[in-house]
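> Take a look and give me a structure for this.
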Amino acid sequence: MRLWHETDTWQSRHAREHLASLATGDVRRIAVIKHAAFGDMLLLRPFLITLREHFPAAHITLSVISHYLRGVPEDLVDDVHIVPGSKEGKSWLATYRTYRELGAQDLLFDLTASTRSIIISRLTPARFKLGYQYRSIHKWVYDMAIPRSCFRFEAETFLEQLHPFGISFDMPLRFDLPVTARPSEPTIVYFPTASHPEKAWPAAHFITLIDDMAKRYPADMHVILAGLADWEQQQAAAILAGVGERPNVNLLPAGPDDDAFIKSARLLVANDTGMRHLGIALGTPTVGIFFSAPPFRYWPRWGHHQVAWQPDGGVPTPDQVAEAITRALL
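Down below sits the predicted model:
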């Protein structure tokens, strides 16, 4: 295989020779390291789909971390390698043994660039290793390291690790999430919470927004989707109470059918990136609400996906989110 590179990529002295010694059909074992939460597991799917298409005979192992197992794309890989998180209290020897379990590989992709993933990459023998540039450590671990953009949709930054092999990808991205939509009336879904209360858009703003949208789109059901934590359920209930009794506004507790419900929705509005990534992966139009965190790495520039944000990092107003909803529904 030929190694494609740009001036801002780093490659080891023998990177070209290492890759040239491999033919596509000779690639039998591939390791992909991605230690991340639910949202990133969803965004990993286009990478794995494209990888499988170009190396159909390869045995693909995905390395994940024990405290982030929700959404692991087991349907797209042959094996899952689970490493213990720091809270498990494993001894260094036990952890080290787990790190070594990947075994010899033809290709290794480190899509995480954490201390843990770098150690695993270093301990795993592979004919060619590729990762992101990380200080100067990448020079001691990989055959090639590429820059990583923080201002491009994150699923695309994962796929960029395939470009050095001359592999491109299609747009819009394919997620192939095995979820079937359930028949329902037109629905706009609002997920009003996040991983921590301080990351949630103010409840008063959601009340104003949902009240306005219920009037603008009376033919739609407007459903507040509650999260799993107690505070999330309380906040969702408080928002419903604030909106008042409307025949086209209701609340849905979190449950096993969330995926099918979101897939069947006309729009998902969320300030939680994980839940919004689920909507993106399911092909549902989305509106993301951002404040403090930049929106760019969470903003697909294809499909009906919009964001509401303030250039100064302030909290978007209900009117700004309503405008983004209008654009997404066009």
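> Spell out, range by range, the helices that occur in the stretch 201-330 of the chain.
Along the stretch 201-330 of the chain, the segments classed as helices by DSSP state H, counting those that start in this stretch run 203-216, 230-243, 258-264, 273-282, 318-328.
> what's the closest of these to residue 185?
Residue 185 lies closest, by CB to CB, to one member of the helices of the stretch 201-330 of the chain: helix 258-264, at 9.4 Å. For glycine as for every other residue, the C-beta is placed from the backbone atoms N, C-alpha and C.
> re the thing from before, of all the helices of the stretch 201-330 of the chain, which one is nearest residue 190?
helix 203-216 (6.1 Å).
> got the buried residues for that closest one?
By 16 or more other CB atoms under 10 Å, the buried positions in helix 203-216 come out as 203, 205, 206, 207, 208, 209, 210, 211, 212, 213, 214.
> Report the separation between the third one and residue 189.
Right, residue 206. As judged by CB to CB, to the nearest Å, residue 206 and residue 189 stand 12 Å apart.
> Likewise for the first one?
Distance of residue 203 to residue 189, given as CB to CB: 17 Å.
> From the recorded domain assignment, give the ranges for the protein.
10-165, 187-328 (automatic domain parsing).
> Dump those to TSV, plus mean pLDDT and distance to residue 171.
Formatted as TSV, the domains of the chain follow (pLDDT from 0 to 100; distance: least, CB to CB, whole Å):
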stretch	mean pLDDT	distance to residue 171
domain 10-165	94	9
domain 187-328	94	6
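> Relative to residue 180, which of the ones you listed is closest?
Nearest to residue 180 among the domains of the chain is domain 187-328; the distance by CB to CB comes to 6.2 Å.
> Quote the end-to-end distance of stretch 18-33.
20 Å (CA to CA, to the nearest Å).
> how much distance is there from that stretch to the middle of the chain?
Offset of stretch 18-33 from its chain centre (CA atoms, centre = their mean, to the nearest Å): 26 Å.
> tell me the centre residue of this protein?
When CA atoms, centre = their mean is applied to the chain, the residue found nearest the centroid is residue 40 (2.8 Å).
> any idea how far it is from residue 293?
If you go by CB to CB, the gap between residue 40 and residue 293 works out to 15 Å.
> Would you mind listing the residues in contact with the residue nearest to the centre of the chain?
34, 154, 277 (CB atoms under 8 Å, 6 or more residues apart in numbering).
> can you do 7 Å?
Contacts here follow CB atoms under 7 Å, 6 or more residues apart in numbering; on that basis residue 40 touches residue 34.
> Excluding chain neighbours, what is closest to residue 69?
In space, and not counting its chain neighbours, residue 69 is closest to residue 82: 7.4 Å by CB to CB, 6 or more residues apart in numbering.
> what does residue 279 give?
Here the residue nearest residue 279, using CB to CB, 6+ apart, is residue 268, at 3.8 Å.
> Look up which residues are beta-bridged to that neighbour.
Counting by DSSP bridges, residue 268 is bridged to residue 189, residue 286.
> wait, isn't it in contact with residue 261?
No. Judged on CB atoms under 7 Å, residue 268 makes no contact with residue 261 at a distance of 9.9 Å.
> more crowded one of these two?
Between residue 268 and residue 261, counted using other CB atoms under 10 Å, the more crowded position is residue 268 (28 against 21).
> ok, that one to residue 93 distance?
Counting by CB to CB - residue 268 and residue 93 are separated by 45 Å.
> Could you do residue 211 as well?
Noted for residue 211: a distance of 58 Å to residue 93, by CB to CB.
> Which residues does stretch 302-321 contact?
So stretch 302-321 is in contact with 171-172, 202, 205, 208-209, 212, 280, 285-292, 295, 299, 324, 327-328, going by CB under 7 Å, 6+ apart.
> List buried residues within these.
205, 208-209, 212, 280, 285-291, 295, 299, 324, 328.
> The residues you listed: which two are farthest apart?
Longest span within these, CB to CB: 208 and 280, 25.5 Å.
> residue contacts, the closest residue to residue 160 other than its chain neighbours?
Nearest non-adjacent residue to residue 160, counting by CB to CB, 6+ apart: residue 146, 6.4 Å away. By CB under 7 Å, 6+ apart, the contact set of residue 146 is 9, 132, 133, 160, 161, 164.
> if I pick the last one, what's in contact with it?
Meaning residue 164. 3, 4, 5, 130, 144, 146.
> cutoff 6 Å now
Listed by CB atoms under 6 Å, 6 or more residues apart in numbering, the contact partners of residue 164 are 3, 4, 144.
> Now rank those residues by neighbours and give me the top one.
residue 144 (24 neighbours).
> Was I right to think that one contacts residue 13?
No. Between residue 144 and residue 13 there is no contact, the gap being 11.4 Å when judged by CB atoms under 6 Å.
> where along this structure do the strands fall?
Using DSSP state E, the strands assigned to the chain run over residues 10-11, 29-33, 59-65, 79-83, 105-110, 126-132, 144-146, 187-191, 221-225, 249-252, 267-270, 286-289, 305-308.
> Would you mind putting the ones you listed into TSV with distance to residue 318 alongside?
Below are the strands of the chain laid out as TSV (distance: least, CB to CB, whole Å):
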stretch	distance to residue 318
strand 10-11	46
strand 29-33	41
strand 59-65	37
strand 79-83	42
strand 105-110	42
strand 126-132	38
strand 144-146	41
strand 187-191	12
strand 221-225	14
strand 249-252	15
strand 267-270	11
strand 286-289	10
strand 305-308	9
